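**Student:** Dropping a prediction and its sequence here:
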Amino acid sequence: MEVIAKTEGLKKYYGQGAGLVKALDGIDLEIEKGKFTMIVGTSGSGKTTFLNLLGGQDRPTEGRIWVEGTRIDTLKESWLAVYRRNKVGFVYQNFNLIPMLTVEENILFPLEMGNERPDRGFFEELVETLGLGDRLSALPGELSGGQRQQTAIARALIARPALVLADEPTGNLDTKSGQNVLGLLKMMNRKYRQTIVMITHDLDIAQTADRIVRIEDGRLAEGRGGYGAPGQ
Ligand SMILES: Nc1ncnc2c1ncn2[C@@H]1O[C@H](COP(=O)(O)OP(=O)(O)OP(=O)(O)O)[C@@H](O)[C@H]1O
């Protein structure tokens, strides 16, 4: 298997003394390239903390993180910002579109931030695949909920990131909308071999992944062992 991201001895502690919270307490994990990995665990178990560290939005108290062979936990802040922009696509629970920007501008925003030229061919393919072709000049406020989801997913993929990280993207949605988001992410995973790591509370949704990783009290617990090994 080809490992795209790896953590070793990853710890994140908040506070100190009596108020010390061991949000993560030693996570050793390898994420396989091109796979869909789901993270599950009870509320407060450390899932978001883990995703934030992997996405370079926060730094560990201890431990190491590699993405595509580069140590990211020791990167200078300016390089960490470049890492976040170029290597990670984020899908947020409320989708976080920028209201004053059109659909097209929202999708291209990560490239704009990095002063990069869009690959127009890929952009067009992406918006067609997601079914946004005729809504590119609309503002987020003029979109249906489903179109907002499609826009957020296109934005997460446009820079062809090493990792797409999604924190409960189906959490605020009714079952049908949640299934739509999951379906779109799965399509992106298959069509572009996009590596996706997603947090979910929903075990039915988790079951559809290549691998389930369970975090309990900041440590890995038994999930479904390994990729492509249901039932193991
Ligand atoms: N900035 C912070 N300061 C102090 N404690 C924090 C901070 N962020 C998270 N925590 C604590 O760390 C633990 C793990 O939080 P985290 O958000 O990673 O859990 P989670 O598994 O994502 O939970 P949920 O499913 O409810 O979103 C919790 O006890 C939380 O209260």
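**Tutor:** Sure, I can see it.

**Student:** Output the set of residues of the protein in proximity to the ligand.
**Tutor:** Within the chain, the positions lying close to the ligand (C-beta under 6 Å from any ligand atom) are 14-15, 21, 23, 41, 43-49. Every C-beta, even on glycine, is put in place using the N, C-alpha and C of the backbone.

**Student:** Distance to residue 140 and neighbour count added to those residues, as TSV?
**Tutor:** Formatted as TSV, the residues of the chain next to the ligand follow (distance: C-beta to C-beta, whole Å; neighbours: other C-beta atoms under 10 Å):
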residue	distance to residue 140	neighbour count
14	33	12
15	37	10
21	35	14
23	32	23
41	31	22
43	29	6
44	31	12
45	32	20
46	32	25
47	27	24
48	24	16
49	29	22
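
**Student:** Tell me which of those residues fall in strands.
**Tutor:** 14, 21, 23 (DSSP state E).

**Student:** picking up where we left off before, would you check which pair of the residues of the chain next to the ligand lies furthest apart?
**Tutor:** 15 and 41 (20.5 Å; C-beta to C-beta).

**Student:** what residue is smack in the middle of this protein?
**Tutor:** For the chain, residue 165 is the residue whose C-alpha lies nearest the centre (C-alpha atoms, centre = their mean; 0.6 Å).

**Student:** Can you list phi and psi of it for me?
**Tutor:** Residue 165 has phi and psi values of phi -110, psi 130 when expressed as degrees, to the nearest 10.

**Student:** I'd like to know how far it sits from the ligand.
**Tutor:** According to C-beta to the nearest ligand atom, to the nearest Å, residue 165 and the ligand sit 12 Å apart.

**Student:** wait, that residue sits on residue 90?
**Tutor:** Yes - look at residue 165 against residue 90 with C-beta atoms under 8 Å: they come within range, at 5.6 Å.

**Student:** so what sits against both of those two?
**Tutor:** Listed as contacting both residue 165 and residue 90 by C-beta atoms under 8 Å, 6 or more residues apart in numbering are residue 55.

**Student:** low pLDDT regions in this structure?
**Tutor:** 222-225, 228-232 (pLDDT under 70).

**Student:** Helices of that one, residue ranges please.
**Tutor:** 47-54, 77-87, 103-113, 120-130, 145-157, 175-192, 203-206 (DSSP state H).

**Student:** Can you add distance to residue 215 and give the ones you listed back as a markdown table?
**Tutor:** Formatted as a markdown table, these follow (distance: least, C-beta to C-beta, whole Å):
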| stretch | distance to residue 215 |
| --- | --- |
| helix 47-54 | 5 |
| helix 77-87 | 22 |
| helix 103-113 | 28 |
| helix 120-130 | 30 |
| helix 145-157 | 22 |
| helix 175-192 | 20 |
| helix 203-206 | 12 |
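
**Student:** quick one, which of these is nearest to residue 218?
**Tutor:** helix 47-54 (7.9 Å).

**Student:** what's near enough to touch the residue nearest to the centre of the chain?
**Tutor:** With contact taken as C-beta under 8 Å, 6+ apart, residue 165 is in contact with 51, 54-55, 88-91, 196-198.

**Student:** Number of residues surrounding residue 81?
**Tutor:** As a burial measure, residue 81 scores 14 neighbours (other C-beta atoms under 10 Å).

**Student:** Spit out the contact partners of it.
**Tutor:** Residue 81 touches nothing, counting by C-beta under 8 Å, 6+ apart.

**Student:** ok, now how distant is residue 104 from the ligand?
**Tutor:** Distance from residue 104 to the ligand, by C-beta to the nearest ligand atom: 32 Å.
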